[in-house]
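Chemist: Predicted coordinates and the sequence they were generated for:
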Amino acid sequence: MALVSIVLSFPIGVLLALGRTSKLPVLRWVSILYIEIVRGLPLIGVLFLAQVMLPLFFPTDWRLDRVIRAIAGLVLFSAAYMAENVRGGLQSIPRGQIEAAKALGLKTPLVILLIVLPQALRAVIPAIVGQFIGLFKDTSLLSLVGLFELTGIARSVLAQPQFLGRYAEVYLFIGLIYWIFCYSMSLTSQRLERQFK
């Protein structure tokens, strides 16, 4: 769920960041409204809304799986924070580069795609990876909406008679799993930063 949410929230966050910096007032205000509303809500609230409200937007004969609803909540939440990270990178690009590209005859979409976005994303690699790590750790909240994930597995293991009272071992093992994945993402981020320098 974390991997799918990361993959889906990244392009949505980039589009929201571009929308927030757009000169079109409608696009800019819709992006700002979405980002600020979602960033003002707690993730657990977004997950509950996705579980309860999302099926109301589809025909009654469609059955949305609970996992898909949870992924939708994670994606919608993470995309708003991703947009702010990317917007920070967009603001770090000097205006002179954009004006020089336009003076060479490049259209605005090409300027954004070929000049602005590569530099902006390179500048915010640590923030983006930090967002991914946070999203990975936030999947533990899915147990609160009734989904079976790593924390839920720990509870089911602790409920078995042979593991009664072994809280430290089980939770330390889960902590180790989270740490391995998060540290791996951090190492990947450092490698990407070195590669793009």
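Modeler: Great, that's in hand.

Chemist: which residues sit against stretch 153-164?
Modeler: The contact list for stretch 153-164 (CB atoms under 8 Å, 6 or more residues apart in numbering) reads 143, 148, 166-167, 170-171, 174. Any C-beta I mention is one placed from the backbone N, CA and C, and that applies to glycine too.

Chemist: In a markdown table, list those residues along with pLDDT, distance to Ala101 and secondary structure.
Modeler: Shown next, in a markdown table, are these (pLDDT from 0 to 100; distance: CB to CB, whole Å; DSSP: H, G, I helix; E, B strand; the rest coil):
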| residue | pLDDT | distance to Ala101 | secondary structure |
| --- | --- | --- | --- |
| Ser143 | 77 | 48 | helix |
| Phe148 | 72 | 50 | coil |
| Arg166 | 80 | 61 | coil |
| Tyr167 | 82 | 59 | helix |
| Val170 | 85 | 56 | helix |
| Tyr171 | 86 | 53 | helix |
| Ile174 | 87 | 49 | helix |
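
Chemist: Including neighbour count and distance to Arg191, could those go into CSV?
Modeler: Below are the contacts of stretch 153-164 laid out as CSV (neighbours: other CB atoms under 10 Å; distance: CB to CB, whole Å):
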residue, neighbour count, distance to Arg191
Ser143, 16, 32
Phe148, 13, 33
Arg166, 14, 37
Tyr167, 11, 36
Val170, 15, 32
Tyr171, 13, 30
Ile174, 16, 26
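
Chemist: just curious, which of those residues is nearest to Ser5?
Modeler: Ser143 (15.7 Å; CB to CB).

Chemist: thinking that closest one is in contact with Glu149, fair?
Modeler: Yes. Taking contacts as CB atoms under 8 Å, Ser143 lies within contact range of Glu149: 5.7 Å.

Chemist: what sits in contact with each of these two?
Modeler: Joint contacts of Ser143 and Glu149 (CB under 8 Å, 6+ apart) do not exist.
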